[in-house]
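J.: have a look; sequence and predicted model below, questions after that.
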Amino acid sequence: MKCIRKSVFETNSSSEHSLSIVKKSNFDLWKSGKQYARRVAGCSEFKETWGNFWSEQYYWAFDMITKEEAEKRNREIFDENLKNEIESAKIYISQASGEQSKKWAQDHLKDLESSSYEKCSLLDKLYDHMWITYDEYIEALRHDDCYSPFEHINETEDVVVFGKYFHS
């Protein structure tokens, strides 16, 4: 293992086996629903003999924010993402050459225009870097069949190591 970022360690075999290390007191606040956390991504490029490979490396950033503040920030993130997706779909429609591609994009645009934050799934929140509780984090990973969460509490050091590992 090597330290890549502050409080995050990764195995040499895969960036999908990231660990986050936090103070137990902060972890307990998150786990009890009094603190919200969000996933923050970094992107690394690995050049190998077979070409380029991009790997998104994730860790959890902790902030002491209230439920109300988390909802406000989540709505802002959702609105910005939706605005960008709608704009991209409109550009794609204007540049699409085939009728089948254009029809798909128009249907996708209709879906986007009818979306709302209230319909946003936990997986959307997880992967769109929104603020979520520990219970939401566990529930989202339960619905993502490629990841399994884990946690380890070291009482003598007052730290919690947690994360997820990828399996296919």
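T.: Thanks, I have the structure now.
J.: can we go C-alpha only for contacts and neighbour counts from here?
T.: OK.
J.: tell me the buried residues in the helix or strand containing Leu126?
T.: Leu126 is part of helix 122-127 when elements are defined by DSSP states H and E. For helix 122-127, burial by neighbour count (16 or more other C-alpha atoms under 10 Å) applies to Leu122, Leu123, Lys125, Leu126.
J.: now stretch 115-122
T.: Quick answer for stretch 115-122 (16+ other C-alpha under 10 Å): Leu122.
J.: show the end-to-end separation of it, please.
T.: 14 Å (C-alpha to C-alpha, to the nearest Å).
J.: average pLDDT for that stretch?
T.: Confidence for stretch 115-122, expressed as mean pLDDT, is 89.
J.: ok, Phe78 to Asp124 distance?
T.: 9 Å.
J.: can you check Asp79 too?
T.: For Asp79, the distance to Asp124 (C-alpha to C-alpha) stands at 13 Å.
J.: same for the longest helix along the chain, what does it pack against?
T.: Across the chain, the longest stretch assigned as helix under DSSP state H is helix 67-95. In terms of contacts (3 or more C-alpha pairs under 8 Å, 6 or more residues apart in numbering; DSSP states H and E), helix 67-95 is packed against helix 99-113, strand 131-132.
J.: next, the buried residues of it.
T.: 67, 70-71, 74-75, 77-78, 82, 85-86, 89-90, 93.
J.: between those, which sits nearest Ser20?
T.: For those, the closest approach to Ser20 (C-alpha to C-alpha) belongs to Ala70, at 20.7 Å.
J.: show me the beta-bridge partners of the residue nearest to that closest one when sequence neighbours are not counted.
T.: Distances taken as C-alpha to C-alpha, 6 or more residues apart in numbering place Trp131 nearest to Ala70, at 5.7 Å, with adjacent residues excluded. Trp131 forms beta bridges with Arg38, as assigned by DSSP bridges.
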